[in-house]
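Engineer: The amino acid sequence is not available; the structure is as follows:
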């Protein structure tokens, strides 16, 4: 490309902008002409046996010539007009500012998410620590006062309460299963057959609504700091919509493929 003509330093911002646009249009015309020549070189008729190799050789020669031209070329100043240079500098600074603002926003969002995760982890750690301290304290008291009649009686009462709670939990799960089997029967085999016919992949066995609820309850109780479960292909979509619409489950605010049980105990 020919060297750009210098814009007069006495010209106003409007004249400088017009001259710069004219020069850009001239350079663009030259680039289109060079591109047309390269396309004509690439469309020559070649023998089928060496067509690919010849095309690669032509591209290699064109790139070599372009590389040599750029290597021998000296850096050129677009214009010495201070108004043009000022406008170009403003545009570049504005681009850099926008990029930095985008990066800063991303970093703030990530830090906020990390702070929330750290807060949940610390809360879960404190709860586990407190539970462990309580268990250790009970164990020490039991070892030091094992021969005391009142301590034995309290331990037996505590064991009986735990046993009753386990039995009650089992009865509740059994009653829940009977209720769900009566009013929300398992997905019919036709659903599995429909999935199998609609996809070449192996069919996935759909789980019952009771199994979904048990997964939600167990996850909430064992890891209260991270109560979400992942929705996979074994979850029947109507069951998911039922739990969400009834307010029994909540979706993850950032991942629609995860959900948790509504924390009724809080």
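Structural biologist: Perfect, I can see it now. Here the structure is a predicted model, which means the values were calculated and not measured.
Engineer: what pLDDT, on average, does stretch 15-22 get?
Structural biologist: Summarised as a single mean, pLDDT over stretch 15-22 is 76.
Engineer: Check the offset of that stretch from the chain's centre.
Structural biologist: The chain centroid and the centroid of stretch 15-22 are separated by 46 Å under CA atoms, centre = their mean, to the nearest Å.
Engineer: can you check stretch 155-167 too?
Structural biologist: Relative to the mean C-alpha coordinate of its chain, stretch 155-167 is positioned 45 Å out (CA atoms, centre = their mean).
Engineer: Contacts for stretch 178-187, please.
Structural biologist: Contact with stretch 178-187 is made by 206, 208-210, 213, 236, 239, 242, as judged by CB atoms under 8 Å, 6 or more residues apart in numbering. Quick note: C-beta positions are derived from backbone N, CA and C, even for glycine.
Engineer: Go through stretch 169-179 and flag the buried ones.
Structural biologist: For stretch 169-179, a neighbour-count test (16 or more other CB atoms under 10 Å) marks residue 177 as buried.
Engineer: For the host helix or strand of residue 170, the averaged confidence score.
Structural biologist: Here residue 170 sits within helix 149-183, counting by DSSP states H and E. The pLDDT scores in helix 149-183 average 83.
Engineer: now that helix, how far from the chain's geometric center?
Structural biologist: For helix 149-183, the gap between its own C-alpha mean and the chain's C-alpha mean amounts to 42 Å (CA atoms, centre = their mean).
Engineer: before we move on, the earlier item: okay, the contacts of stretch 178-187 in JSON lines with pLDDT next?
Structural biologist: Listed next are these as JSON lines, based on pLDDT from 0 to 100:
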{"residue": "206", "pLDDT": "87"}
{"residue": "208", "pLDDT": "87"}
{"residue": "209", "pLDDT": "87"}
{"residue": "210", "pLDDT": "86"}
{"residue": "213", "pLDDT": "88"}
{"residue": "236", "pLDDT": "90"}
{"residue": "239", "pLDDT": "89"}
{"residue": "242", "pLDDT": "89"}
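Engineer: Return a PyMOL selection command for the buried portion of those residues.
Structural biologist: Selecting only the buried entries of the contacts of stretch 178-187 in PyMOL, with 16+ other CB under 10 Å as the criterion:
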select buried, resi 206+208+209+210+213+236+239
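Engineer: Now, the contacts of stretch 178-187 that are in helices?
Structural biologist: Using DSSP state H to define helices, the subset of the contacts of stretch 178-187 located there is 209-210, 213, 239, 242.
Engineer: I appreciate the help and will end here.
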